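> Here's a sequence, model it:
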Amino acid sequence: MTDAPLHDRRMLEALVCPVTHAVLTYDAEAQELISKAAHLAFPIRDGIPIMLVSEARQID
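Next up, the predicted model:
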């Protein structure tokens with residue numbers, strides 16, 4: 001999480017997957033929060049994480 005400002009990184013680290021409550025991984029290039037447990041990628045739009053399952057995309 002080196003691309004986000006310190007306060008943003010702390011906020012992102014506090015978020016968990018809304019499905020599994022597992023830790024999320026920040027993908028700075030794709031601007032997504034990845035839930036490996038749920039196989040979902042949650043988008044970050046204009047700096048705001050969109051933590052809705054309906055907005056997430058499936059990942060392998």
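
> CA only for contacts and neighbour counts going forward, please
OK.

> what residue lies at the spatial centre of the protein?
With distances taken as Cα atoms, centre = their mean, residue 33 lies nearest the centre of the chain, 1.8 Å away.

> Okay, and that one sits in which element?
Under the criterion of DSSP states H and E, residue 33 resides in strand 32-35.

> quick revisit: might one say that the residue nearest to the centre of the chain is in contact with residue 39?
No: using Cα atoms under 8 Å, residue 33 makes no contact with residue 39, being 10.9 Å away.

> ok so, going back, which is the next helix or strand following the strand holding residue 33?
Strand 32-35 is succeeded, C-terminally, by strand 40-45 (DSSP H and E).

> which residues sit against that following strand?
Contact partners of strand 40-45, identified using Cα atoms under 8 Å, 6 or more residues apart in numbering, comprise 31-35, 49-53, 55-59.

> Which members of these define the maximum pairwise distance?
49 and 59 (17.2 Å; Cα to Cα).

> ok, the two, which is more surrounded?
The neighbour count for residue 49 versus residue 59, taken as other Cα atoms under 10 Å, is higher for residue 49 (16 against 11).
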